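Participant: fold the following.
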Amino acid sequence: MSYPIKLTDREWVNHVYDKLLTKLSLQCDRMGHKIPYIPIDGTYIDYGEIDISFWTNGFWAGMLWQLYAATGEEKYRKSAVVVEQRLDAAMIEFNGLHHDVGFMWLHTAVANYRLTGCETAKLRAMHAANLLLGRYNASGRYISAWNENRPGWMIIDCMMNLPLLYWAAKESQDPRFLHVAKNHIDTTINYLIRPDGSAHHIAVLDPMNGELLEHPAGQGYASGSSWSRGQAWAVYGFALNYHHTGDSRYLDIAKRTAHYFLAQVSQSGLIPRVDFRAPAEPEQWDTTAGVCAACGMLEISKHVGEYEKQLYINGAMSILRAIEANYCDWNVETDGIVGGGTVAYHRKEETHVPIIYGDYYLLEAITRLKDNGFFIW
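Facilitator: So this is what the prediction gives:
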């Protein structure tokens, strides 16, 4: 869809897109077969050699497929396929995989299949979808997060992984995938979304009966706080689940969580704090929450009436422009673009750094606004 934005915003989008193409083309050339996560001194190491099952390992391939869809350049397709092939080792190892198989294979195998029709990619994606399906707890009606003997844990992040189940339901004509996705969303609404539109990161349930036991802090400041990237997962996750189902409840929650997000960043120069309910000091920011939420707002704008659209488009544009002006590194000799990303409130060594998914969501937002991107979800 074409987003109705002002001429000055259109010029800014085109300018940022050109800078993305320039830097990412050179980055692709020097990356080889690496799978990036966080650059060290401006250079990516190969995180696939450290942990091939790590949840972020699909985002670079997702960027490559976005670039291939936008430009048609073969080097992006070839590099993305190498990442997909490397992730076969994660399938074989199995024990490191959890609810984030959606992030890993939507951005690799599903994207490959959608854009090229590759049947091997389709098989990989179906394997991943069945792994996600297998994490479903029928008594509690939720998909179990993570491993480490935590079968009762469910998290807001999983909302972003559910599109893998919708894809599998359509491809296989098997409604089990759809039923599991919808049941998990109902439980998410009950236990992770608060009345004011904020979101818990984690709910711990009794795996025998689904009874709520507690809400740990997770990657936020404390229990009952408001981790901003978790809020972004809620904004975009509910918008995507509305896209795939047409259930108006999901769109209503996407809007409510977006309103909460916009209200919070309006107090901090449009840059999200790591946690919206944390002490003012020390100042901690997470730009990755902003670019992800912006994509969610752009998605919401596709599904609301004419006189609602501009709220979400303008909100997304304001956040994107603030992050680009203050945190983007356009030096073509360094790896990573969106600085100021933070993995978790209490994880100091991964605070205010470029993180691969921040770059992915910036690229997705800009290609959305140029109307030459690829709907990867």
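
Participant: next up, phi/psi of residue 137, please.
Facilitator: Backbone torsions of residue 137, given as degrees, to the nearest 10, read phi -100, psi 110.

Participant: what about residue 259, how many neighbours?
Facilitator: As a burial measure, residue 259 scores 16 neighbours (other CB atoms under 10 Å). For glycine as for every other residue, the C-beta is placed from the backbone atoms N, C-alpha and C.

Participant: next: residue 134.
Facilitator: Quick note: residue 134 (other CB under 10 Å) scores 11 neighbours.

Participant: need the contact list for it.
Facilitator: Not one residue lies near residue 134 by CB atoms under 8 Å, 6 or more residues apart in numbering.

Participant: if I look at it, how far off is residue 324?
Facilitator: Shown here: residue 134 relative to residue 324, a distance of 40 Å by CB to CB, to the nearest Å.

Participant: what do you get for residue 301?
Facilitator: For residue 301, the distance to residue 324 (CB to CB) stands at 19 Å.

Participant: what lies in contact with stretch 155-165?
Facilitator: Stretch 155-165 is touched from outside by 99-103, 105-106, 110, 125, 128-129, 132-133, 143, 145-146, 177-178, 180-181, 184-185, 188, 192, 199-203, 218, 230, 233-234, 236-238, 240-241, 244, 377, with contacts defined as CB under 8 Å, 6+ apart.

Participant: in which helix or strand would I find the residue lying closest to residue 79 once chain neighbours are set aside?
Facilitator: With CB to CB, 6 or more residues apart in numbering as the criterion, residue 79 has its nearest non-adjacent residue at 5.2 Å, and that residue is residue 64. Per DSSP states H and E: residue 64 is located in helix 59-71.

Participant: cool, and residue 366?
Facilitator: Applying DSSP H and E as the criterion places residue 366 in helix 356-370.

Participant: what is residue 136 paired to in the beta sheet?
Facilitator: With DSSP bridges applied, residue 136 shows beta-bridge pairing to residue 143.

Participant: neighbours of it, how many?
Facilitator: Number of residues near residue 136 (other CB under 10 Å) recorded here: 19.

Participant: can you pull out the helices in the stretch 101-250 of the chain?
Facilitator: Along the stretch 101-250 of the chain, the segments classed as helices by DSSP state H, counting those that start in this stretch run 101-105, 111-116, 119-133, 163-172, 176-191, 228-245, 248-265.

Participant: of the contacts of stretch 155-165, just the buried ones, ChimeraX syntax please.
Facilitator: ChimeraX command restricting the contacts of stretch 155-165 to the buried ones, with burial defined by 16 or more other CB atoms under 10 Å:
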select :99,100,101,102,103,105,106,110,125,128,129,132,133,143,145,146,177,178,180,181,184,185,188,192,199,200,201,202,203,218,230,233,234,236,237,238,240,241,244,377
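
Participant: gap between the residue lying closest to residue 227 once chain neighbours are set aside and residue 230?
Facilitator: The shortest distance from residue 227 to any non-neighbouring residue, by CB to CB, 6+ apart, is to residue 220 (3.2 Å). Separation of residue 220 from residue 230 (CB to CB) stands at 7 Å.

Participant: quickly list what's touching both of those two.
Facilitator: residue 201.

Participant: got TSV for the helices of the stretch 101-250 of the chain, with distance to residue 38 too?
Facilitator: What follows is the helices of the stretch 101-250 of the chain, written out as TSV (distance: least, CB to CB, whole Å):
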stretch	distance to residue 38
helix 101-105	16
helix 111-116	23
helix 119-133	24
helix 163-172	25
helix 176-191	28
helix 228-245	15
helix 248-265	23
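
Participant: looking at those helices, spot the one closest to residue 59.
Facilitator: Nearest to residue 59, of all these, is helix 101-105, at 7.2 Å by CB to CB.

Participant: residue contacts, the nearest residue to residue 144 once chain neighbours are set aside?
Facilitator: Closest residue in space to residue 144, ignoring its immediate chain neighbours: residue 135 at 4.7 Å, by CB to CB, 6+ apart. The neighbours of residue 135, taking CB under 8 Å, 6+ apart as the test, are 98, 99, 143, 144.

Participant: which of the residues you listed sits closest to residue 369?
Facilitator: Proximity of these to residue 369, judged by CB to CB, is greatest for residue 99, which lies at 29.7 Å.

Participant: may I see the buried residues of the helix holding residue 64?
Facilitator: Buried residues in helix 59-71, defined by neighbour count with 16+ other CB under 10 Å: 59, 60, 61, 62, 63, 64, 65, 66, 67, 68, 69, 70.

Participant: can you tell me which of those residues is nearest residue 345?
Facilitator: residue 59 (21.5 Å).

Participant: any idea how far that closest one is from residue 310?
Facilitator: As defined by CB to CB, residue 59 lies at a distance of 30 Å from residue 310.
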